[in-house]
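> fold the following, please.
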Amino acid sequence: MSSSEFDKSLLPANYQLLKSMLKEVSGLYLTDNKMYLVETRLQAVAKEYEFKSLNQLVDGLKGPRSQKLRVDIAEAMATPETFFFRDKKPFDQFKNFVLPQLVEQHKKMKRLSIWCGASSSGQEPYSLAMIVDELQHTLLKGWSVKIIASDFSEKILRKAKSGIYSQFEVQRGLPIQYLMKHFKQESDGWHVKDDLKRRVDFRNFNLLQSPAPLWKFDVIFCRNVLFYFEPADKKKILYNLDGALNPGGMMFLGAAESTVGVCDKFVALKEERGIYVKTDHALALSA
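Residues are numbered from 1 along each chain as shown. Here you go, the predicted model:
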């Protein structure tokens, strides 16, 4: 089917049905001005199922393949843009500020735990793993560092676990020295080497669930995902993150995200933009 034959128009009632379905399946919240996002991301799903329009796609939610279709739609809508060392500054902060602070806090136990709460196709946790590997003979010598990465989409987790990336994907933000050390080129793309893959434990997890079964963490990355949720769910997620963060731990949010007016459990570090600590820890430091 050519793109010219595909009808992207969507009846208002069907858009509302999609919104309700996404909220139910994944917790994702679409505002009324996100029609362009639906048109962009769901065309491929519709064509895979041989629907000729987005309205037919919505009608398919009532058919025999509805369960799989619901998951495919949710996964297509929830897959954010990501790349290695995205925005660079948070990774510099992690290496030069956060890790030295936490090493000082935990120097007796020599154990750290890190959680990427919305790991998508794996570039973020693998970026952190490369930094940890780099410091394993200096700052982190003799330390045990656990990295858990989670996402609700099984499809995107399979991609992350495979550790296979295209030439385009490894050219976006990945320093050449890391590419040469941690990847090997095969006919189907660049493969993350096994020693780096072993540093990351990928899990299926929805941020609206309690993170208690995962672990307690010293560092949490939950960047560029909160804006997919409505205010009540943002608050729930932030309270969940508070419960998962160890005292003295640090949380990273995206540059356009904040806890202000949503959750009183965190305070931003003024000198390190994008990093948050527990409110009670911040009060203790200032006392």
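> and the gap between the residue nearest to residue 97 when sequence neighbours are not counted and residue 87?
In space, residue 97 comes closest to residue 272 once its chain neighbours are excluded; the distance is 5.7 Å by CB to CB, 6 or more residues apart in numbering. C-beta coordinates here come from the backbone N, C-alpha and C atoms, glycine included. Separation of residue 272 from residue 87 (CB to CB, to the nearest Å): 14 Å.
> name the element the most centrally placed residue in the chain belongs to?
Nearest to the mean C-alpha position of the chain, by CA atoms, centre = their mean, lies residue 118 at 2.0 Å. Of the helices and strands defined by DSSP states H and E, none includes residue 118.
> again, but for the one 3 residues further on
For residue 121, there is no host helix or strand (DSSP H and E).
> quick one: contacts for it?
79, 82, 156, 159, 160 (CB atoms under 8 Å, 6 or more residues apart in numbering).
> how close does the third one sit to residue 24?
This means residue 156. Residue 156 sits 19 Å away from residue 24, going by CB to CB.
> dump the residue contacts of the residue lying closest to the residue nearest to the centre of the chain once chain neighbours are set aside.
Distances taken as CB to CB, 6+ apart put residue 225 closest to residue 118, at 4.0 Å, once the chain neighbours are dropped. Applying CB under 8 Å, 6+ apart, we find residue 225 in contact with 80, 117, 118, 207, 254.
> out of residue 156 and residue 24, which sits in the more crowded spot?
residue 156 (21 against 11; other CB atoms under 10 Å).
> could you report the pLDDT at that one?
With respect to pLDDT, residue 156 scores 90.
> which other helices and strands contact the helix or strand hosting it?
In the assignment (DSSP H and E), residue 156 maps to helix 154-162. Counting contacts by 3 or more CB pairs under 8 Å, 6 or more residues apart in numbering; DSSP states H and E, helix 154-162 is packed against helix 66-78, strand 144-151, strand 200-204.
> neighbouring strands of the second one in the sheet, and parallel or not?
Spelled out, it's strand 144-151. strand 111-116 (parallel), strand 200-204 (parallel) (DSSP bridges).
> now the angle from the very next helix or strand once past the shortest one to strand 144-151?
Next in sequence after strand 200-204, counting helices and strands by DSSP H and E, comes strand 217-221. Angle of strand 217-221 versus strand 144-151, following axes from the mean of the first three to the mean of the last three CA atoms, to 10 degrees, is 40 degrees.
> coming back round to it: check which element follows the helix holding residue 156 along the chain.
Counting by DSSP H and E, the next helix or strand C-terminal to helix 154-162 is strand 164-165.
> may I see the buried residues of stretch 243-255?
Neighbour-count burial for stretch 243-255 flags 244, 245, 246, 248, 249, 250, 251, 252, 253, 254 (criterion: 16 or more other CB atoms under 10 Å).
> narrow these to those in strands?
245, 246, 248, 249, 250, 251, 252 (DSSP state E).
> can you pull the pLDDT of the second one?
Taken from the predicted model, the pLDDT recorded for residue 246 is 95.
> again with the fourth one
The per-residue pLDDT reported for residue 249 equals 97.
> repeat that for the last one.
Among the per-residue scores, residue 252 shows a pLDDT of 98.
> so what's the residue count around the residue nearest to it when sequence neighbours are not counted?
Among residues not flanking residue 252 along the chain, residue 221 sits closest, at 4.7 Å (CB to CB, 6+ apart). Look at residue 221: counted by other CB under 10 Å, it has 27 neighbours.
> surely residue 221 touches residue 123?
No. Between residue 221 and residue 123 there is no contact under CB atoms under 8 Å: 11.5 Å.
> just to revisit the earlier point, tell me who's in contact with the residue nearest to the centre of the chain.
By CB under 8 Å, 6+ apart, residue 118 lies in contact with 80, 150, 151, 207, 222, 223, 224, 225.
> where in this protein is pLDDT low?
1-4, 79-80, 282-287 (pLDDT under 70).
> tell me which residues of the helix holding residue 156 are tucked away?
156, 157, 159, 160, 161.
> now swap in stretch 67-77 and tell me
Neighbour count says stretch 67-77 has 69, 70, 71, 72, 73, 74, 75, 76, 77 buried, by 16+ other CB under 10 Å.
> next one: stretch 216-227
By neighbour count with 16+ other CB under 10 Å, stretch 216-227 contains the buried residues 217, 218, 219, 220, 221, 222, 223, 224, 225, 226.
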